[in-house]
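Undergrad: sequence and predicted structure are below.
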Amino acid sequence: MIDTGRRILIGRVHGAFGVRGELKIESFSEPPQSLLKYAPLTLRDGRGNERELDNIRGRVAAKGLVMTIPGIEDRDSAEALRGAELYVPRSVLPPPAPGEYYWVDLEGLDVVTIDGVVLGRVSHLVSTGVNDVLVVEGERERMIPFKEPDYVTSVDFDAGRITVDWDPEF
């Protein structure tokens with residue numbers, strides 16, 4: 001079962017844009033400007049303080065998004081948010097297309113081989129540029145390419161399990 005109450009990291013503040021408090025945003029959504037459509041967004045600064053953002057405005061710029069949020073009126077205030085993260089509730093995201101997954105939905109699933117050997121649980125995923133990789137924590141850490149059907153043979157959210165064609169000794 002997919003946990004729709006979780007939050008997804010959808011962007012990061014890279015610093016100030018100009019002198020009027022605008023923020024340079026790295027968007028993790030596709031296309032990048034779709035980040036501006038999601039609500040509510042939660043801003044979490046480097047100290048762990050969070051606030052829900054309302055009435056944000058933004059536009060596409062040459063190197064990402066530029067966003068304006070209420071209460072940030074000058075360059076110093078914007079620069080103070082460098083590194084802050086933007087989160088969105090999983091429940092507001094559209095369902096993935098068949099055969100596609102949100103990484104957050106895969107995290108925490110058990111990983112077993114086609115022979116029933118339990119390898120552990122998905123800690124997180126990383127992108128290598130070639131393909132995504134499951135990082136599986138068990139009696140030891142394993143990195144398994146998320147390549148269907150070569151290595152990942154099934155993803156069963158109801159059972160909370162990913163089945164892989166993987167040598168447990170590797």
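TA: Noted; the coordinates are in hand.
Undergrad: mind listing the strands for the chain?
TA: Taking DSSP state E, the strands of the chain run over residues 7-17, 22-27, 41-44, 50-53, 57-61, 64-68, 85-89, 110-113, 118-127, 132-137, 141-145, 152-156, 161-164.
Undergrad: looking at the ones you listed, spot the one closest to Glu79.
TA: strand 7-17 (4.5 Å; Cβ to Cβ). All C-beta spots, glycine's among them, are computed from the backbone N, C-alpha and C.
Undergrad: buried ones in the closest one?
TA: Arg7, Ile8, Ile10, Gly11, Arg12, Val13, His14, Ala16, Phe17 (16 or more other Cβ atoms under 10 Å).
Undergrad: ok, residues contacting that strand?
TA: Residues outside strand 7-17 that contact it (Cβ atoms under 8 Å, 6 or more residues apart in numbering) are 22-29, 35, 38, 41-43, 61, 64-66, 75-76, 78-79, 81-90, 93, 102, 104.
Undergrad: let's go with 6 Å and repeat that
TA: Residues from elsewhere that reach strand 7-17 (Cβ atoms under 6 Å, 6 or more residues apart in numbering): 23-29, 35, 66, 75, 78-79, 81-82, 84-90, 104.
Undergrad: nearest to Thr163 among the buried residues of strand 7-17?
TA: Ile8 (24.6 Å).
Undergrad: circling back to that earlier point, can I get the buried part of the contacts of strand 7-17 as one PyMOL selection?
TA: Typed into PyMOL, the line below selects the buried ones among the contacts of strand 7-17, using 16+ other Cβ under 10 Å:
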select buried, resi 23+24+25+26+27+29+35+66+75+78+81+84+85+86+87+88+89+90+104
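Undergrad: coming back round to it: of the strands of the chain, which is nearest Pro98?
TA: Of the strands of the chain, nearest to Pro98 by Cβ to Cβ is strand 152-156, at 11.3 Å.
Undergrad: using PDB, write out every CA atom in that closest one.
TA: The C-alpha coordinates for strand 152-156 follow below in PDB (Å, rounded to 0.1, in the frame of the first residue of the first chain):
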ATOM      1  CA  VAL A 152      13.500  -6.000 -10.800                       C
ATOM      2  CA  THR A 153      10.800  -8.600 -11.700                       C
ATOM      3  CA  SER A 154       7.900  -7.200  -9.800                       C
ATOM      4  CA  VAL A 155       6.800  -4.400  -7.500                       C
ATOM      5  CA  ASP A 156       3.900  -5.300  -5.200                       C
END
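Undergrad: perfect, that will be all.
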